[in-house]
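Q: Structure, please.
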Amino acid sequence: MEEKNNKQIILKEYIDRAPLATDLELIVENKINLNVAKGSSSILVKNLYLSCDPYMRARMRENYNSYLPPFVPGKPIEGLGISKVIASDVPDFQPGDIVTGFTGWEEYSLIENTKNLRKIQQDDDIPLSYHIGLLGMPGFTAYAGFYEVCSPKKGDRVFVSAASGAVGQIVGQLAKLHGCFVVGSAGTKEKVDLLTRKLGFDDAFNYKEEKDLDATLKRYFPEGIDIYFENVGGAMLDAVLLNMRIHGRIAVCGMVSQHSYHDTEGTHNLFVMISKRIRMQGFLQSDYLHLYPEFSQVVCEYYKQGKIVYIEDMTDGLENAPSALAGLFTGKNVGKQVVCVSSEA
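A: As a prediction, this is how the structure comes out:
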């Protein structure tokens, strides 16, 4: 019965604010059995890449109304990842398979619920880590949110907040490919330059340098906004509402500005939804899983044809995972934040 040391990242205690690296702890000494019991219907995986995502912040709260349960203090946190199967008691998964789905923030994970795991067919033209980014939950969120929730038309004026992030960068590029005019906001000059010079946005601005967001949006959208892909909330949403066109659509993907469950920033301009007949809809990518095969084919082709580029921010080492996750909430990352646990696939 082979055992191996298994480093883990655990949550110390529940919080109600933006996460800090110190809210998580690296456990160095922890043994794991590298075999699985017969009849357990489980698999053992070696984790290769872990995805840092904004939704994970909410799982650090004890009580909240969401679609995933909170993490358990003292236990490894979990998230989407890419892993290699080491041992298996599930016929559909064999040692050597590369899979993606929820896994622990640790070197090795025993996964008992395998129904939502997906096997990855490796492609030399696509980096493996992109399967938790461009071809994973963020990319599919962008695809489903833009095409299904936003109902885009050629010529629509589209605004994307947090536009250099994992989801926003894809939304903007899909909108451009659809024939839309696209503006994005970001928090640094580097990110703004990235949006216009590499990602193909028509224009972009640094929201931190703008004193009056309403005036800013009027400058970039003198005729108003048809589609807003919402990733921020708060003051940005308030300003956008004033600048939406009649029958505008708002896809609510995230609200990263809302750090606390008990002390959220209010929205004051909702009244314009009536006069402008605005449709604002929250969504989860899991509502549209029937579209995943279509999404995968379309986006793979776009990427291979050079019509879509993807920006990834890679952090090496499980020990650096806490700071990588915390960095999402201070804008430290440029593109999709990924942690490389091991590159030995």
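
Q: could you pull out the strands for the stretch 151-300 of the chain?
A: With strands called from DSSP state E, counting those that start in this stretch, the stretch 151-300 of the chain shows them at 157-160, 181-186, 203-206, 225-230, 244-252, 279-282.

Q: correction: the stretch 1-150 of the chain
A: 3-5, 8-11, 24-27, 31-33, 43-51, 78-88, 98-104, 108-111, 118-119.

Q: looking only at pLDDT, what's the mean for stretch 28-42?
A: Here stretch 28-42 scores 91 as its mean pLDDT.

Q: and among the strands of the stretch 151-300 of the chain, the most buried is which?
A: strand 157-160 (a mean of 28; mean count of other Cβ atoms under 10 Å). Where C-beta positions appear, they are placed from N, C-alpha and C, glycine not excepted.

Q: Thought Gly327 was touching Asn333, still the case?
A: Yes. The criterion here is Cβ atoms under 8 Å, and Asn333 meets it with Gly327 at 5.4 Å.

Q: Overlap of the contact sets of these two?
A: Counting by Cβ atoms under 8 Å, 6 or more residues apart in numbering, the common neighbours of Asn333 and Gly327 are Cys52.

Q: Tell me which of the two has more neighbours.
A: Asn333 (23 against 18; other Cβ atoms under 10 Å).

Q: Assign that one to helix, strand or coil.
A: coil (DSSP: H, G, I helix; E, B strand; the rest coil).

Q: partners of the residue nearest to it when sequence neighbours are not counted in the sheet?
A: Once flanking residues are discounted, Asn333 sits nearest to Asp313: 4.4 Å by Cβ to Cβ, 6 or more residues apart in numbering. Using DSSP bridges, the bridge partners assigned to Asp313 are Gln337.

Q: In contact with Asp313, which residues are there?
A: Counted by Cβ under 8 Å, 6+ apart, Asp313 has contacts 333-338.

Q: Check Leu134 too.
A: Counting by Cβ under 8 Å, 6+ apart, Leu134 has contacts 126, 170, 299, 303, 308, 310, 336.

Q: The same query, at a cut-off of 7 Å, please.
A: When contacts are counted by Cβ atoms under 7 Å, 6 or more residues apart in numbering, Leu134 is found next to 170, 299, 303, 310.

Q: From those residues, pick the one nearest Leu194.
A: Tyr310 (11.7 Å; Cβ to Cβ).

Q: Nearest residue to the closest one in space, ignoring adjacent ones along the chain?
A: Leu134 (4.3 Å).

Q: which residues in the stretch 101-250 of the chain form helices?
A: Counting by DSSP state H, counting those that start in this stretch, residue ranges of the helices within the stretch 101-250 of the chain are 137-144, 168-177, 189-197, 213-220, 234-243.

Q: now, the most widely separated pair of the contacts of Asp313?
A: Top of the distance list for these (Cβ to Cβ): Val334 and Val338, 11.9 Å.

Q: hang on, isn't Tyr310 packed against Tyr130?
A: Yes. Taking contacts as Cβ atoms under 7 Å, Tyr310 lies within contact range of Tyr130: 6.3 Å.

Q: what about Glu112, how many neighbours?
A: Based on other Cβ under 10 Å, the number of other residues close to Glu112 is 12.

Q: Could you do the one 10 residues further on as well?
A: For Gln122, the tally of surrounding residues (other Cβ under 10 Å) stands at 10.

Q: show me the contacts for it.
A: Counted by Cβ under 7 Å, 6+ apart, Gln122 has contacts 98, 128.

Q: Test my guess that Ser151 contacts Arg249.
A: Yes. Assessed by Cβ under 7 Å, Ser151 is found in contact with Arg249 at 6.0 Å.

Q: how about CSV for the strands of the stretch 151-300 of the chain, with mean pLDDT added?
A: CSV is the format used below for the strands of the stretch 151-300 of the chain (pLDDT from 0 to 100):
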stretch, mean pLDDT
strand 157-160, 98
strand 181-186, 98
strand 203-206, 98
strand 225-230, 98
strand 244-252, 98
strand 279-282, 97
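
Q: Low-confidence bits of this protein, can you list those?
A: 1, 64-65, 259-264, 345 (pLDDT under 70).

Q: Can you give me the domain assignment for it?
A: The chain is divided into the following domains under automatic domain parsing: 3-132+312-340, 137-287.

Q: Any chance of JSON lines for those domains, columns distance to Glu294?
A: Compiled in JSON lines, the domains of the chain are given as follows (distance: least, Cβ to Cβ, whole Å):
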{"stretch": "domain 3-132+312-340", "distance to Glu294": "15"}
{"stretch": "domain 137-287", "distance to Glu294": "9"}
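
Q: for the ones you listed, which one ends up most surrounded?
A: domain 137-287 (a mean of 19).

Q: Do me a favour and get the end-to-end distance for that one?
A: 12 Å (Cα to Cα, to the nearest Å).

Q: Same check on stretch 213-226?
A: Distance across stretch 213-226, first residue to last, is 17 Å (Cα to Cα).

Q: what comes into contact with that stretch?
A: With Cβ under 7 Å, 6+ apart as the test, stretch 213-226 has contacts from 156-159, 183, 203, 205, 207, 210, 235-236, 239-240, 242-245, 248.
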